[in-house]
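Enquirer: pasting the sequence and the predicted model now:
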4 protein chains.
Amino acid sequence: MTTRVAVFGASGYAGLELLRLLLQHPEFEIVAITSEQRAGQPVGDAFPALRGQLELCFQASDPDAIAPKVDLAFTALPHSASARTVAVLRRAGVKVADLSADFRFSEPAVYASWYGEHAAPELLGQAVYGLPELHREALKGAELVGCAGCYPTSVLLPLVPFLRAGRVGNRGIIVDSKSGISGAGRKVDGAYLFTELDGNGRAYKPGREHRHGPEMEQEATRAAGEDVMLSFVPHLIPVTRGILTSVYCRPKSGLSAAEANSVLDRAYANETFVRVLPVGETPNLAAVRGTNFCDVAAFVDEPNGTLILLSALDNLVKGASGQAIQCANLMQGYSESQGLLGTALLP
Amino acid sequence: MTTRVAVFGASGYAGLELLRLLLQHPEFEIVAITSEQRAGQPVGDAFPALRGQLELCFQASDPDAIAPKVDLAFTALPHSASARTVAVLRRAGVKVADLSADFRFSEPAVYASWYGEHAAPELLGQAVYGLPELHREALKGAELVGCAGCYPTSVLLPLVPFLRAGRVGNRGIIVDSKSGISGAGRKVDGAYLFTELDGNGRAYKPGREHRHGPEMEQEATRAAGEDVMLSFVPHLIPVTRGILTSVYCRPKSGLSAAEANSVLDRAYANETFVRVLPVGETPNLAAVRGTNFCDVAAFVDEPNGTLILLSALDNLVKGASGQAIQCANLMQGYSESQGLLGTALLP
Amino acid sequence: MTTRVAVFGASGYAGLELLRLLLQHPEFEIVAITSEQRAGQPVGDAFPALRGQLELCFQASDPDAIAPKVDLAFTALPHSASARTVAVLRRAGVKVADLSADFRFSEPAVYASWYGEHAAPELLGQAVYGLPELHREALKGAELVGCAGCYPTSVLLPLVPFLRAGRVGNRGIIVDSKSGISGAGRKVDGAYLFTELDGNGRAYKPGREHRHGPEMEQEATRAAGEDVMLSFVPHLIPVTRGILTSVYCRPKSGLSAAEANSVLDRAYANETFVRVLPVGETPNLAAVRGTNFCDVAAFVDEPNGTLILLSALDNLVKGASGQAIQCANLMQGYSESQGLLGTALLP
Amino acid sequence: MTTRVAVFGASGYAGLELLRLLLQHPEFEIVAITSEQRAGQPVGDAFPALRGQLELCFQASDPDAIAPKVDLAFTALPHSASARTVAVLRRAGVKVADLSADFRFSEPAVYASWYGEHAAPELLGQAVYGLPELHREALKGAELVGCAGCYPTSVLLPLVPFLRAGRVGNRGIIVDSKSGISGAGRKVDGAYLFTELDGNGRAYKPGREHRHGPEMEQEATRAAGEDVMLSFVPHLIPVTRGILTSVYCRPKSGLSAAEANSVLDRAYANETFVRVLPVGETPNLAAVRGTNFCDVAAFVDEPNGTLILLSALDNLVKGASGQAIQCANLMQGYSESQGLLGTALLP
């Protein structure tokens, strides 16, 4: 049976990507889309790319009014605004896949130290962390999902199998990520102008300054069964979509390249969206562009005691909207990959 | 009923794009893919993006062996090689949508002066020019289609309605096109290196030097019912996909902006893939990226006697593989837009 | 003798480019730089690229206070603000090379219809149009120069020799320009975000809507000795620097490619900064990046009666700051190419 | 007194960059330039950007014939070819700054295991490693310099002060570098096409596979006075110029952010070309584009025991040709920064 959905925050990049993917999905029917800035505008006027694709107008966000018309909502709003909207939707019995950070943390105090006081702490107990490869069973039938962040997804998918298997130490892990600019959303700020980023690149918030760090640590700790600590250094590179991540960790005892690869192979043999590359191949952004795949690979520098994990994903798909739909497929009991099997745009 | 198809030249950019689009198409089943360079390789090994999407190996081109297994072939081979392959396929009764220039020209002499002697001139009589918006009826049930070139498509869609209506002169037409680099295919040449093209741009083969010029003139002349002449100046710009075209022509008598827009509106009111933009909007490449749409717009500089026609399309979709599938849909009696309604990747 | 200079509006792109070029110039000494936004900041703090290069702080614009300390000022301010500042500087006897549009028009009414009422119309009589290849003698010793716009420079350099020689008609001229994004300055606007422009391109303000059109027409008319009309269609392409222009005109009588080339050769044989390319070569942006050169070439489509003129320049150098320094060299009696002979950054 | 120089391998990217920089240098006079491919061509015909800048023809490499005409040669040839040419030049008494890997290694066996047998091992004893900030005294008056590689320069400048001070451990150091595409030279290979790299990125040769790794280890070991081991993971990002490097190491005992910054400050207080950024700022590529600067910064993640060192440089300048000229300035007794103080192209 078709699921009627609303997209809150539909004019941002994650919101638009939800529309693109939902339009290809046979089971979800878009019945309401919200945007404060664009309220009243037909979607095709605001975004010529959508002309002839979707005959709806953006409306201002009014969860009370929208709730009765939908079964499930995707909320792609700024944090805190998201929690307030979700609270209304949940009270009305609408299932929610939330793309903000509001329902990713199990500890309100951790959330608060990075995002400020939580607007709906009473809902944290029912929220499931939305990374299906880690929490599939909990997601089946969940009613509120806090979809995983883009950077954390790129880190956890290659790293968690090693933590679960107890093959790497829980200290001194380094995460060096390179993100496309759409990760910042459609933020109108001088730093994101074409002229400032073309041919440019830089690290930002290195070490313990970026709020995706504690999110990674929460899930890494859960997987390891002991406290895990990461130094996270995100970088901006001049591409629109995609995250390349390199994770450096210290094997607990000897770990050969072959063993490292078989850890990944075993973990992902039955996963549709995590592709373990043939030994020796490195992931690249073009191969996942526009798709819900995350490509991963492992290398070992034995003399120097380093396990090198590489991943590539599209931050707007597996890092946001595709993952939200993957979660929603589980929530609704559809095939998990429904509507998500499109091929990368090459070249 | 499903159509079994082969893609000849499947490892080039147009070939890969055929695979991407055919994988989304409910009626075409890919049964054979050829590549001389990649023969024997599983498609997912050669192109990691296709891993898990298509379980086939590239094979060397052998049309005699492939013909019995397929109903229709897409040939994306270099000119002349294409004609030779098509001749074999046609003798075996296989329908063909050819993406090379070999079946675009009705006059063998014109073809010969740009591409050399034709390898299968006996087939020219049965070939239909593959631009559905101009030749839909002839394409229905056609068995051999010479799909329109990328630049000609970008020029003819905005221009032909004015020629048919007799609103513009047949001399002094100027075509200034800006093409993405994939238009050159995957040509391994120093001029197409990232380092040479990043931040760069240039005109090439200006005036009467590019072989898409006579193709445009053939179809423009057909539409006008009198000899049409164009000066064609293609440019390279540092994008991967897309063609922006500006056509400048001289209205025969007074032509207001409103009249110009209504010429386009009337011509394309019922077309799925040609979107006439609201008055005053200009087409952009992002809105058509990865799609089969061609966005068009008209402006008039009355004091200077100039009609300005603008278009944007994706050279690998509406300019090549999407158009070939649109033609094949007509050849097979499917809905013309079947499998071609994906949304542009934004941003 | 060294000339003490101030740069007004030094934190914009044209202003920064003035600093870069002036730092290489042996005769100009930068003594004051203004920026409202950055007032009080050391230049190296605001722009790490300039750390260790220039030990000055930005100051708020106060032409009365700055005038006594300088011999010549470069004003790179928004129009109207520029005229007001220039008026103060001129009253104090400071020479001015202005990079805004305020002193480019001889007719106040034409200026007013595009930019609003002029803030210092009494100065228009003393202003010289700052395009040295056209107005060298008037620039020598001029005290107020309205430096030519970026698009007009790219159009006038290839076109004017043909107008002066009476070889092309004065109607139906088409100008199709492709500009890098820095042409918009550091404008913080959603349309100029990296994510919106990467892989994208579009025409804007086509026909008679862009205010550089009347500036071109003023100078073209002056050169032709009769009213010249142009349809101007600017485009944005995803490069940071550079303008590629294609001008299409109608030869008055037969004009061969050889004649067209010799018109350019004769006009620019003794010019340092206009390079006429060998017959058959087309200009490209990389060859002029970061330099004061404008590369030009001519092609003729005789059957279709079209002269095709191509040019490439760096909009921030020959289209703005380099040209301003070239003018200032003439104003001060220095060698015209002083400080402007750097080589393009390749690749 | 002017130094007459030759550039061997002048048509590659490092060679062209040498020409650009030497043309701005008051003391070096270019008297011969070689290129096998371009032999006989005027430089301005081969590279329009150099038209009007340098009136020389490329010639085939003939070090015997060229040696008598020059005082110093820059050799930018492939490894091994370089050593053979250098041997001839040195026999003729010509000083050499070599940009290949041939004279960077003190141990012939290490060289041989990465590059094959050395073509002129007898010269290794006289060669100085060309990184002036580390080996200034030895470079003064040296006659043969093996200029440091691009990646090693980006790693050693931030790292060596900590190794010299004994503040970091000698095991488990991680180097994650992101390089522009010009690092591959003008290599005509499908992997370096614009269409393959635009919007793309990937790691390559991770761990212990890239030959710049042992070069870093040689110099790091020299600085530390004990064996240092590094895991080196280079990445390609879609920019033309520049390397961003992040080095992760383990402080030997507690190291605060303030201490880390003061280690850098002390090391580089008197260096022109290494700019230690203000605390909290991260280096970016645009700030060093086209310049000989290397910007560096230090951050500390104390809870996780990680020192994070960041650097940015232009691989063709501080990573190659600028550094070679800096070395040559020392070899000739000129001011070390002579000709190298140009400002970055912004934006």
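Expert: Structure received.

Enquirer: ok now stretch A:54-65, how far from the chain's centre?
Expert: A distance of 24 Å separates the C-alpha centroid of stretch A:54-65 from that of its chain, computed with Cα atoms, centre = their mean, to the nearest Å.

Enquirer: equivalent analysis for stretch A:106-115, please.
Expert: In this view, stretch A:106-115 has its centroid 19 Å away from the chain centroid, taken as Cα atoms, centre = their mean.

Enquirer: ok, and what's touching that stretch?
Expert: Where contact means Cβ atoms under 8 Å, 6 or more residues apart in numbering or on different chains, the residues beyond stretch A:106-115 that reach it are A:79-80, A:101-102, A:104-105, A:118, A:121, A:124, A:129, A:211, A:214, A:218. In this view, the C-beta of every residue, glycine as well, is placed from N, C-alpha and C.

Enquirer: give the buried residues for that stretch.
Expert: Along stretch A:106-115, the positions that meet the burial threshold by neighbour count (16 or more other Cβ atoms under 10 Å in any protein chain shown) are A:110-111, A:115.

Enquirer: name the member of the contacts of stretch A:106-115 with the most neighbours.
Expert: Each of the contacts of stretch A:106-115 was scored by neighbour count (other Cβ atoms under 10 Å in any protein chain shown); the top score is that of residue A:102, with 29 neighbours.

Enquirer: that one against residue A:147, yeah?
Expert: No. Between residue A:102 and residue A:147 there is no contact, the gap being 10.4 Å when judged by Cβ atoms under 8 Å.

Enquirer: and the strands in chain A?
Expert: Along chain A, counting by DSSP state E, strands occupy A:3-8, A:28-34, A:58-59, A:72-75, A:95-98, A:127-130, A:144-147, A:173-179, A:202-203, A:230-236, A:243-249, A:274-276, A:294-301, A:306-313.

Enquirer: need those strands in CSV (columns: distance to residue D:23).
Expert: Conversion of those to CSV gives the following (distance: least, Cβ to Cβ, whole Å):
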stretch, distance to residue D:23
strand A:3-8, 57
strand A:28-34, 58
strand A:58-59, 56
strand A:72-75, 58
strand A:95-98, 59
strand A:127-130, 58
strand A:144-147, 55
strand A:173-179, 35
strand A:202-203, 30
strand A:230-236, 34
strand A:243-249, 38
strand A:274-276, 50
strand A:294-301, 43
strand A:306-313, 41
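
Enquirer: which bits of chain A sit near chain C?
Expert: Chain A has residues A:13, A:181-182, A:186-190, A:192-199, A:238-240 near chain C, with proximity defined as Cβ under 8 Å from any Cβ of the partner chain.

Enquirer: now the buried residues of stretch A:106-115 in JSON lines, with pLDDT?
Expert: Output for those, formatted as JSON lines (pLDDT from 0 to 100):
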{"residue": "A:110", "pLDDT": "96"}
{"residue": "A:111", "pLDDT": "97"}
{"residue": "A:115", "pLDDT": "96"}
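
Enquirer: from what I can see residue A:141 touches residue A:329, true?
Expert: No. When contacts are counted by Cβ under 8 Å, residue A:141 is not listed as touching residue A:329 (11.9 Å).

Enquirer: so for the two, which sits in the more crowded spot?
Expert: For residue A:141 and residue A:329, the more surrounded residue by other Cβ under 10 Å is residue A:329, and the numbers stand at 24 against 12.

Enquirer: tell me the contacts of that one?
Expert: Shown in contact with residue A:329 (Cβ under 8 Å, 6+ apart): A:335-340.

Enquirer: and what of residue A:23?
Expert: Under the criterion of Cβ under 8 Å, 6+ apart, the neighbours of residue A:23 are A:30, A:53-54, B:343.

Enquirer: pLDDT check: weakest of those residues?
Expert: For the contacts of residue A:23, the least confident position by pLDDT is residue A:53, scoring 92.

Enquirer: can you tell me how far the closest residue to that residue other than its chain neighbours is from chain C?
Expert: Closest residue to residue A:53 apart from its sequence neighbours, by Cβ to Cβ, 6 or more residues apart in numbering or on different chains: residue B:343 at 5.3 Å. Applying Cβ to the nearest Cβ, to the nearest Å, the value for residue B:343 to chain C is 16 Å.

Enquirer: contacting residues for residue B:343?
Expert: A:19-20, A:23-24, A:49-50, A:53, B:291.

Enquirer: one step back: chain D next: which of the residues of chain A next to chain C are close?
Expert: Among those, the residues lying close to chain D (Cβ under 8 Å from any Cβ) are A:195-196, A:198-199, A:238-240.

Enquirer: out of those, what pair is the most spread apart?
Expert: Considering Cβ to Cβ, no two members of these lie farther apart than A:195 and A:239, which are separated by 16.2 Å.

Enquirer: these two: which has the busier surroundings?
Expert: A direct count of neighbours by other Cβ under 10 Å for residue A:195 and residue A:239 places residue A:239 higher, at 30 against 26.

Enquirer: and residue A:248, what are its bridge partners?
Expert: Here residue A:248 sits in beta bridges with residue A:174, residue A:308, as judged by DSSP bridges.

Enquirer: break chain A down into its domains, please.
Expert: Domains of chain A are assigned by automatic domain parsing as A:3-147, A:151-315.

Enquirer: picking up where we left off before, need the buried ones from the contacts of residue A:329 selected in ChimeraX.
Expert: Restricted to the buried members of those, where burial is judged by 16+ other Cβ under 10 Å, the ChimeraX selection command reads as follows:
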select /A:336,338,339,340
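
Enquirer: out of the contacts of residue A:329, flag the one nearest to residue D:320.
Expert: Residue D:320 has its nearest neighbour among these in residue A:340, at 44.9 Å by Cβ to Cβ.

Enquirer: could I get the contacts of stretch A:106-115 as CSV with pLDDT?
Expert: Formatted as CSV, the entries for those read as follows, by pLDDT from 0 to 100:
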residue, pLDDT
A:79, 96
A:80, 96
A:101, 97
A:102, 98
A:104, 98
A:105, 97
A:118, 97
A:121, 96
A:124, 96
A:129, 98
A:211, 95
A:214, 97
A:218, 98
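
Enquirer: which ones among the residues you listed map onto helices?
Expert: Of the contacts of stretch A:106-115, the ones assigned to helices by DSSP state H are A:214, A:218.

Enquirer: out of the contacts of stretch A:106-115, which comes closest to residue C:92?
Expert: Using Cβ to Cβ as the measure, the one of the contacts of stretch A:106-115 that approaches residue C:92 most closely is residue A:211, at 53.3 Å.

Enquirer: coming back round to it: out of the ones next to chain D among the residues of chain A next to chain C, who has the most neighbours?
Expert: Of all these, the highest neighbour tally under other Cβ under 10 Å goes to residue A:239, namely 30 neighbours.
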